[in-house]
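Colleague: one predicted model, sequence on top.
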Amino acid sequence: MDAVDQRPTKTPGASPDSEDDTLPLAMKLASQNGTPPVAASQNGSPWKRKQMVDVNAHGSLDLSKLSMRRNSSYGKMPPEAPEAKVLVIYTGGTIGMMRNEKNALEPRPYEFVRKIRQYPNMHDDVYAGKRYGPAKIMAPLVLPYVEGQHRRILYQISEYEPLLDSSNMGIADWVRIATDVRQSYEFFDGFVILHGTDTLSYTASALSFMFENLGKTIIITGSQIPIFETRTDGKDNFTSALILAGNYVIPEVCVFFNSRLFRGNRTVKVSSESLDAFNSPNAAPLVKMGINVEVDYRVIFRPCTVDKFTVHVQMDENVGLLRLFPSISVATVHAFLQAPMRGVVLQTYGAGNFPTNRAEMIQALREASAREVLIVNCTQCSEGSVCDLYETGRQLQDVGIIPGYDMTPEAALAKMSYVLSKQEWDWEMKKKMMKSNLRGELTCDKPPEMQEYDLIDAVARTLHLTSTKELGQLKSSLFPAMVNTAVLAGDLAKLTNLKGYGANMSAENYDRRTALHVACCEGNIEMVKYLLQHGAAVHIRDRYDRTPLMDAIMHDHHQAISLLIKCGAHLTGSIRAIGDGLCAAAARNQLTRLESYRIAGADLSQEDSCGRTALHVAALYGHVEVVQYLLKNYAEVNVPDYLGLTPLDYALKVNAVPVVEMLQAHQASRGDELSFEADKRPPMQNSFD
Ligand SMILES: NC(=O)C[C@H](N)C(=O)O
């Protein structure tokens, strides 16, 4: 890279001078570093062959250079510590603001990345230098070593234009963030969104609904004091968010503030002055960051369907919040409920109480509900839930008002905007969804009975363990072992039992392997299905950086691979390594393995580290079936390797006559069939969808 651009990275469409706004965000970010990323599952991608610098399926980074790493100045981390890639979307807010000549805080474009790069506690320049070489000004940032954490965090910051005070944000901004996450989803392990605090809970709530079947960690954070000031909460919030997003699979839209990670749609901003600006009144924090990182895995809300991550971007704007007060007039309520209003969050008193002695007001609500205006009853209290304890609340249900239970007004509003925009749901379904717990935003039923303490207590008593810490440790070593044993034995009844005891289906053992890894090695499809339907995380990488998908590939369990792909799993790691895997399979005449890779979304023309494809190797070894298979599956035929040799050259050199004939016949037919072939090729697989 000779020209060094000192500006921070920008988002597609962000500025008129951006080079190619059609590129997905991750590609664009990476191309500014000179290394376009290639998702391993991008068949036929135009990026596929052009780049000579190695990149991996998570981003623009060359894992093959790992061996060159040495400990950095902060360097206690072992040189081979795995890396995690985090995309930071910087939208604005106090965290990046500076004081202007009138001493007022305002966002300053292009300053954030430049300054962060100079902070030794936010960027490990030595590591970056060794990893990316001298032209590292545009390379990703590297978080210095974090004691006790498994992965080294590499992060890239995408700065929005304009940078916004969050008071100026709205639905279009949520859509922009959601779209950018979708485009970059497969290239990063986790996401951090830097955001102003004023409307942060609205954005968090909205994104929690817009992201469907989320499998990765998304953390929104900001600060009360800019990160550039000597006294700041910004540094801690940002650093902790990066550590959590890169090291933990918490498949939720979360909010990090003042040492706690909350479910985003449960948060409210409670202070404009305190550094403890957010609270989650009716839901426990997911993580507490003290000297240790304490993750409460039991409260994490996990998708339990076998479906891919998608983003819903059509949010309905015709929704509003109506807060009751004792002298509110009927005319006000009436006017508020008129078209184009389609959904109203009614903020009532106490446990959902409404002035039922005002018949005209009740009538106005009844009429609106009959016109299919969705009305949800939420309490004005900052804690507690709407229920039918009082007659003054119960009557609202009779006129068709939906109980919002303990939803925050922010969550109820965002949910309404989401539910109303779902074309495929009819009116009854919309009402049903509004009362259902979609993303952990409300508590409507009693939680399932857990017998966890019987089991753990019994073992703890035998071992004479008493402290909470010891009990916690016992739980985290006992459950993964028992769950994995049940999976290995194919014992569904035992697995269900363990779930009842509170076992986390995504728990990692000492090798960071989960039950899903074991089930995928075993190829027990019932187990894989059960685990996915009970919230097992598909993106967890074990000590050796292997995902459940890679395990299924290495054991050629095709059904399991298909199921994982359906659930949003994707290939990770260096694409050259996938090329190596394909070439090794071709050399060993392993058709089944090639098929495993194909089902997993690999490009069968992927080159290995010498520029050779599986077809080169199959030609060299004269493996006729493999050549046939590759030709049938649209492998590219005339690609030269780094020595300039094509598969045909190899076949000719070893005098593999049947292969030579096959390749020549294929080439001859290609001329005539080119346009027809183009139609037959599988659709260009966009790994961002
Ligand atoms: N602390 C903050 O970030 C407040 C700022 N006004 C914002 O929401 O953008």
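Modeller: Nice, I can see it.
Colleague: so what's residue 656 up against?
Modeller: 619, 620, 621, 622 (C-beta atoms under 8 Å, 6 or more residues apart in numbering). For glycine as for every other residue, the C-beta is placed from the backbone atoms N, C-alpha and C.
Colleague: next one: it from residue 634, what distance?
Modeller: 21 Å (C-beta to C-beta, to the nearest Å).
Colleague: could you look up the SS state of residue 157?
Modeller: Here residue 157 is recorded as strand under DSSP: H, G, I helix; E, B strand; the rest coil.
Colleague: tally of neighbours for it?
Modeller: 21 (other C-beta atoms under 10 Å).
Colleague: isn't it up against residue 116?
Modeller: Yes: assessed by C-beta atoms under 8 Å, residue 157 is found in contact with residue 116 at 7.2 Å.
Colleague: joint contacts of those two?
Modeller: residue 141.
Colleague: could you pull out the strands for the stretch 301-450 of the chain?
Modeller: Per DSSP state E, counting those that start in this stretch, the stretch 301-450 of the chain carries strands over the ranges 310-311, 319-323, 343-348, 374-379, 402-403.
Colleague: to residue 535, which of those lies closest?
Modeller: strand 310-311 (17.9 Å; C-beta to C-beta).
Colleague: just checking: what are the partner strands of the closest one?
Modeller: strand 211-212 (antiparallel) (DSSP bridges).
Colleague: got the residues of this protein near the ligand?
Modeller: 92, 93, 94, 165, 166, 167, 196, 197, 198, 222, 224 (C-beta under 6 Å from any ligand atom).
Colleague: local confidence estimate at the fourth one?
Modeller: You'll see residue 165 listed with a pLDDT of 95.
Colleague: was I right about it contacting residue 107?
Modeller: Yes: the pair residue 165 / residue 107 is scored as a contact, 7.1 Å apart, by C-beta under 8 Å.
Colleague: looking only at neighbour counts, state which of those two leads.
Modeller: residue 107 (23 against 18).
Colleague: phi first, then psi, for that one.
Modeller: phi -70, psi 140 (degrees, to the nearest 10).
Colleague: what residues are up against it?
Modeller: Contacts of residue 107 by C-beta under 8 Å, 6+ apart are 92, 93, 96, 97, 162, 163, 164, 165.
Colleague: just the buried subset of these, written out for ChimeraX, thanks.
Modeller: Remark: buried members of the contacts of residue 107, expressed as a ChimeraX selection using 16 or more other C-beta atoms under 10 Å:
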select :92,93,96,97,163,164,165
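Colleague: from the contacts of residue 107, which land in strands?
Modeller: 92, 97, 162, 163, 164 (DSSP state E).
Colleague: okay, now whichever residue of the chain sits closest to the ligand: neighbour count?
Modeller: In the chain, the residue that lies nearest the ligand is residue 196 (1.9 Å; C-beta to the nearest ligand atom). Residue 196: 24 surrounding residues under other C-beta under 10 Å.
Colleague: do the same with the one 4 residues further on
Modeller: By the other C-beta under 10 Å criterion, the neighbourhood of residue 200 contains 27 residues.
Colleague: same thing with residue 613?
Modeller: Residue 613 has 26 nearby residues by other C-beta under 10 Å.
Colleague: do residue 132 as well
Modeller: The number of residues packed near residue 132 is 23, by other C-beta under 10 Å.
Colleague: what residues of stretch 523-531 count as buried?
Modeller: Result for stretch 523-531 [16+ other C-beta under 10 Å]: buried residues 523, 524, 525, 527, 528, 529, 530, 531.
Colleague: of the residues you listed, which pair is most distant in space?
Modeller: Longest span within these, C-beta to C-beta: 523 and 530, 13.9 Å.
Colleague: how close does residue 92 get to residue 226?
Modeller: To residue 226, residue 92 is 12 Å away according to C-beta to C-beta.
Colleague: for residue 160, give me phi and psi.
Modeller: Torsion angles, degrees, to the nearest 10, at residue 160: phi -80, psi 150.
Colleague: that one reaches residue 90, doesn't it?
Modeller: Yes: counting by C-beta under 8 Å, residue 90 is a contact partner of residue 160 at 6.4 Å.
Colleague: more crowded one of those two?
Modeller: residue 90 (24 against 20).
Colleague: shouldn't the more buried one be within a helix?
Modeller: No: assignment of residue 90 by three-state DSSP gives strand, placing it outside any helix.
Colleague: and the gap between it and residue 164?
Modeller: In terms of C-beta to C-beta, residue 90 sits 10 Å off from residue 164.
Colleague: again, but for residue 93
Modeller: Taking C-beta to C-beta, one finds residue 93 at 8 Å from residue 164.
Colleague: give me the common contacts of the two.
Modeller: Contacts common to residue 93 and residue 164, judged by C-beta under 8 Å, 6+ apart, are 107, 196.
Colleague: for stretch 170-184, buried residues please.
Modeller: In stretch 170-184, counting by 16+ other C-beta under 10 Å, buried: 171, 173-184.
Colleague: and what of stretch 643-655?
Modeller: Across stretch 643-655, burial judged by 16+ other C-beta under 10 Å covers 645, 646, 647, 648, 649, 650, 651, 652.
Colleague: that stretch: end-to-end distance?
Modeller: 19 Å (C-alpha to C-alpha, to the nearest Å).
Colleague: list of residues touching that stretch?
Modeller: Looking at stretch 643-655 with C-beta under 8 Å, 6+ apart, the contacting residues turn out to be 610-611, 613, 615-616, 618-620, 622, 627, 637-640, 659-660, 663-664, 667.
Colleague: tell me the contacts of residue 375?
Modeller: Neighbour list for residue 375: 337, 343, 344, 346, 365, 368, 369, 400, 401, 402 [criterion: C-beta under 8 Å, 6+ apart].
Colleague: ok, 6 Å please
Modeller: Listed by C-beta atoms under 6 Å, 6 or more residues apart in numbering, the contact partners of residue 375 are 344, 346, 369, 401.
Colleague: would you turn these into TSV with distance to residue 267 and neighbour count?
Modeller: As requested, the contacts of residue 375 are exported to TSV (distance: C-beta to C-beta, whole Å; neighbours: other C-beta atoms under 10 Å):
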residue	distance to residue 267	neighbour count
344	22	26
346	21	27
369	29	19
401	25	25
